[in-house]
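J.: Here is the input, now give the coordinates:
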Amino acid sequence: MSRQERNWQRFWRYMMIYFYALILPATIIGAFYREEFPLQLLILAIGMPFIKRNHLAFIRKKNAAI
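T.: Predicted coordinates:
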């Protein structure tokens, strides 16, 4: 595993914790007060693991070609 890949894995680990532990619950609680559900956040919450997987696969592929 290259240094660049390790750095990106660390970034994604903290990004996922930040998003799923702080942003998502705060937005859902706020949605109850506004009485509307943020559809964009739901789409991002479902898509973020796929974004992470594709990005790390791209980094691995790029480093393998070097």
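
J.: C-alpha from now on. contacts and neighbour counts both.
T.: Fine.

J.: Only the buried residues of whatever helix or strand K61 lives in, if you could.
T.: Assigned by DSSP states H and E, K61 belongs to helix 39-65. Buried residues in helix 39-65, defined by neighbour count with 16 or more other C-alpha atoms under 10 Å: 52, 55-56.

J.: how close does the residue nearest to the spatial centre of the chain get to Y33?
T.: Averaging the C-alpha coordinates of the chain gives a centre point, and the residue nearest to it by C-alpha atoms, centre = their mean is M48 (4.0 Å). M48 sits 26 Å away from Y33, going by C-alpha to C-alpha, to the nearest Å.

J.: now do W8
T.: Note on W8: its distance to Y33, by C-alpha to C-alpha, is 36 Å.

J.: who's more crowded, these two?
T.: Neighbours per residue, other C-alpha atoms under 10 Å: of W8 and Y33, the larger number sits with W8, 15 against 9.

J.: How many residues are close by W12?
T.: Using other C-alpha under 10 Å, W12 has 19 neighbouring residues.

J.: Now do the same contact list for it.
T.: K52 (C-alpha atoms under 8 Å, 6 or more residues apart in numbering).
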